[in-house]
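Asks: here's my sequence, what's the structure:
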Amino acid sequence: QVQLVESGGGLVQAGGSLRLSCAASGRTFSDYEEMGWFRQAPGKEREFAAAIGWRDGSSYYAESVKGRFIISRDNAKNTAFLQMNSLKPEDTAVYHCAVRMTYSSRWDDPGDFGSWGPGTQVTVSS
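Replies: Below is the predicted model of the structure:
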């Protein structure tokens with residue numbers, strides 16, 4: 001099973017940018033069809049942010065981050081990235097990466113993903 005570790009979080013002012021990384025070990029991302037980024041704010045459920053097809057690079061985003069976040073991958077480094085621009089205080093959360101394990105009726109269901117990383121804290125001040 002793949003092990004995932006996120007990095008790159010921190011404290012940033014509203015309007016700023018951060019780039020998160022998700023490094024895989026044990027297995028490669030190419031063993032899975034997709035990987036995704038999720039976030040969880042205090043007292044809220046984990047929610048989908050973005051995902052990318054590892055083989056074809058196709059990507060999709062939650063409406064709340066579309067146009068501001070960009071997901072990408074580096075096959076050689078077995079690492080995925082989430083470039084976050086124009087950050088807002090409501091983006092404050094712990095960000096986790098995971099790989100898709102199955103498909104259900106909802107394409108953004110966290111229950112369809114596994115091998116969760118421990119997360120990296122992103123805090124956006126107003």
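Asks: average model confidence for stretch 35-42?
Replies: Mean pLDDT, stretch 35-42: 96.
Asks: in that stretch, what counts as buried?
Replies: Met35, Gly36, Trp37, Phe38, Arg39 (16 or more other C-beta atoms under 10 Å). Using the backbone N, CA and C atoms, a C-beta is placed for each residue, glycine as well.
Asks: CA atoms only: put that stretch into PDB for me.
Replies: The C-alpha trace of stretch 35-42 is given here as PDB (Å, rounded to 0.1, in the frame of the first residue of the first chain):
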ATOM      1  CA  MET A  35      -5.100  11.000  -6.500                       C
ATOM      2  CA  GLY A  36      -6.900  13.800  -4.800                       C
ATOM      3  CA  TRP A  37      -6.600  16.600  -2.400                       C
ATOM      4  CA  PHE A  38      -9.100  17.100   0.400                       C
ATOM      5  CA  ARG A  39      -9.400  19.600   3.300                       C
ATOM      6  CA  GLN A  40     -11.000  19.600   6.700                       C
ATOM      7  CA  ALA A  41     -11.700  22.700   8.700                       C
ATOM      8  CA  PRO A  42     -12.300  22.500  12.500                       C
END
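Asks: from Ser17, how far off is Gln29?
Replies: Rather than Gln, residue 29 is Phe. Counting by C-beta to C-beta, to the nearest Å, the gap from Phe29 to Ser17 is 24 Å.
Asks: out of those two, which sits in the busier spot?
Replies: The neighbour comparison of Phe29 against Ser17 (other C-beta atoms under 10 Å) goes to Phe29, with 25 against 11.
Asks: now do the residue nearest to that one when sequence neighbours are not counted: how many residues are near it, please.
Replies: Leaving aside its sequence neighbours, Phe29 sits nearest to Trp54 (C-beta to C-beta, 6 or more residues apart in numbering; 4.7 Å). The number of residues packed near Trp54 is 22, by other C-beta under 10 Å.
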